[in-house]
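Q: Predicted model, plus sequence, below.
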Amino acid sequence: MSPEWVQRGTTVEVVLAGENLGAVTQILFDGDAGLGATNVPPAPPPPKPIISIESTGGGITRAEPAAPARDEKRLVARITAAADASFAARELRVVAPGGVSNPLQFNVGQWPEVSEKEINTATSTGQVVALPAAISGVISAAAQSDAYRFKAAKGAEMVFEIDAARRGSPLDSSLAVLDAAGKELARSEDALGLDSLLFFTAPEEGEFVVTLRDFRYQGGGNYNYRLYAGPLPYVESVFPFGAQRGKSVEVALAGRNLEGTAKIMLNIDAKAPRGRQEIRANTPKGYSNLVPFDVSDLTEIVEAEPNDVATDAQAVTVPLVINGRVGTAKDADRFRFKSDKDQKLDCDVAASRFWSKLAQHLALTDTNGAVISQNDDAAGADARLEFDAKKDTEYLLAIRDLTDRGGERFGYRLAIRSPSAAAAASFTARFAPDTLRVHREGLMKLRCDITRAGGFDGPVRFAFADLPSGVFAEPLIMPNVPHSGVMLVSATKDAPLGSFPVRLTATATVNSNPVTVTATPLSGANAVRQAYLTVLAAAPFSLEVTTLNVTAEQGQAATVEVLAQRAAGFMSDIKLTAEGFSAAAADPLSKSFGGGEATMKGAATTAKVTLTPKMDSEIGTRTIVLRGESGGVVQYTRPVPAIATQ
């Protein structure tokens, strides 16, 4: 898809490339409202010529030109973003008679969209751009440098941010600002991972040049980037990094072009999602970048000085979250607490994940100063330690910077709680594929996966919350093992044709409470927002198994007999493949079984598929289905238990 962005309040033509695009009837967006799309009709055929042919003997006429063939590999769409469309990414899909396509991500931005022109590979021929702008480009060759010329007033605070490595580009950016004579005024590398972030204050009014290259002087067709440029509002940090649900908190902002706003009050709704999310500031100059912010259920306090030495340690009551700063060089913050019972306690620092400069060192001691535990990098660059706390025993916890630095940007978020509170019993559910296609009077398979957490090990029930009339799926009950299972979807002979959004739910009892979650659809290995089911016309064949179960010792073969019902005149080969999962995990059937393939030739209506448990196969029962494919049409059998014995 190109381009992948549209500025809110504008319309852009987008070219989609792929397969089977000639009969697309609809373009779908999953996510926030605010986007609309229409197919761009092909150019009308040229007017018919006015010259005709007459023959003296008859039988000769002018041949009309054939209608142009549909382009199956290319589709042009006109996409419009409303003036108030949110900046959240959407999933774009197309709908055709064969069903719903895979999703592609489409984005909405606030700045004018600019595409790179390849005349910009030298400073002297830099592409002239009006800022602010979002520039899309590619470092398409080794040692290439892209240049953009812009004007700025004296004292203007310019922000240049590269988004490349963070979205999968191999570009390791090196960004510089030059004056009109080519003198370098500022440079940035590796500010946001491998991406550059450059702040530049214009020393005088005039024209300047921003240049971009790969740090290693590499390049290629996939070295793409987005350059956000101009007097953009940019938040460099907020403090505190989070807040408690149902409370209000004053947050300090630091950054560029924030129009003098240094503090802002935030209300945290009592039902706000727990955990990390992202916030942005809406300023007179536009919206800022996204900044991480955490929401918790624990009591939250702000660190209070003086607490540099053990005798001044701040008394706190666990569990809680402490928001603090190592405010000066060689500063250390100390906290004194007791446990109300014998239990494990988890002391977890969140700092680098919230853009803090603090290189933390966390030390736990008794009241005599004896070190019980210490850590500086258990969670990436953030510190974490866990220990066995004794009832009514007093402990001291100290946090400092490993390099003895400090300042406003050296904030932290320190949670002290039991590990069970950090990871409550829960589960998540997923399924694949995200685009189900079932023929009338046919069967289609989907895979359901469960991930359990916090000690939960109960059974989970999968069921569809909404299916069109004439489409059915038996609920799937999954015990604590396996973690994956097979669900079959069927359609009656009069089920309505077409594509429909569907939702799969997973229900379980967690800590004596019923819990229902929406299962996440997967496109390949990627989670997507919405799943779709397409009902197709009846297939030219259907499959059944005549074997009730498959039982075999390791290393010994067993067979599954398959029966095909063929439509009149259907004589094509049907390729058969056994599919399923191991008894305890989402491993494919091929990990434990050999064989599993056969071809039903020509007019044949029966075939045998051989399965052989491997000598190291997992012992036990799993469910398998047989998949049949012919001419792009796929059908499944009903499930069969397969048992591998010692």
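A: All right, it came through fine.

Q: buried set for stretch 58-68?
A: Going by neighbour count (16 or more other Cβ atoms under 10 Å), nothing in stretch 58-68 comes out as buried. Quick note: C-beta positions are derived from backbone N, CA and C, even for glycine.

Q: what do you get for stretch 98-113?
A: Judged by neighbour count (16+ other Cβ under 10 Å), stretch 98-113 contains these buried residues: 99-101, 103-104, 106-109, 111, 113.

Q: So which of those residues is the closest to Ala415?
A: Relative to Ala415, the closest of these is Asn107; by Cβ to Cβ it sits at 33.7 Å.

Q: thinking again about what came up before, pull the most distant pair out of the buried residues of stretch 98-113.
A: Within the buried residues of stretch 98-113, Gly99 and Trp111 form the most distant pair, 36.1 Å apart (Cβ to Cβ).

Q: mind checking pLDDT for the residue lying closest to Arg353 once chain neighbours are set aside?
A: Nearest in space to Arg353, with sequence neighbours left out and distances taken as Cβ to Cβ, 6 or more residues apart in numbering, is Asp382 at 6.2 Å. With respect to pLDDT, Asp382 scores 93.

Q: Can you list the strands that the helix or strand Leu75 falls within pairs with?
A: Leu75 is part of strand 74-81, with elements assigned from DSSP states H and E. In the sheet, strand 74-81 lines up against strand 11-17 (antiparallel), strand 35-39 (antiparallel) (DSSP bridges).

Q: can you list the weak-confidence ranges in the stretch 301-450 of the chain?
A: Scanning the stretch 301-450 of the chain for pLDDT under 70 picks out 420-423.

Q: so where do the strands sit in it?
A: Using DSSP state E, counting those that start in this stretch, the strands found in the stretch 301-450 of the chain span residues 314-315, 320-325, 332-338, 343-350, 360-365, 371-375, 384-389, 394-401, 411-417, 426-432, 435-439, 443-453.

Q: Tell me which of the strands paired with strand 74-81 lies nearest to Asn257.
A: Comparing the strands paired with strand 74-81 by their distance to Asn257 (Cβ to Cβ), the top pick is strand 11-17, with 26.5 Å.

Q: what comes up buried for the closest one?
A: 14, 16.

Q: do the same with stretch 221-235
A: 223-235.

Q: Going by length in residues, pull out the top strand of the protein.
A: Identified as the longest strand of the chain according to DSSP state E is strand 498-510.

Q: residues of that strand that come out buried?
A: Quick answer for strand 498-510 (16+ other Cβ under 10 Å): 499-500, 502, 504-506, 508, 510.

Q: what are the pairing partners of the following helix or strand past it, and which direction each?
A: Going down the chain from strand 498-510, the next helix or strand is strand 513-518, by DSSP H and E. Here strand 513-518 is paired, per DSSP bridges, with strand 498-510 (antiparallel).

Q: What angle do strand 435-439 and the strand it pairs with make with each other?
A: In terms of direction (axes from the mean of the first three to the mean of the last three Cα atoms, to 10 degrees), strand 498-510 departs from strand 435-439 by 120 degrees.

Q: Figure out how far strand 498-510 is from the centre of its chain.
A: Distance of strand 498-510 from its chain centroid, counting by Cα atoms, centre = their mean, to the nearest Å, is 20 Å.
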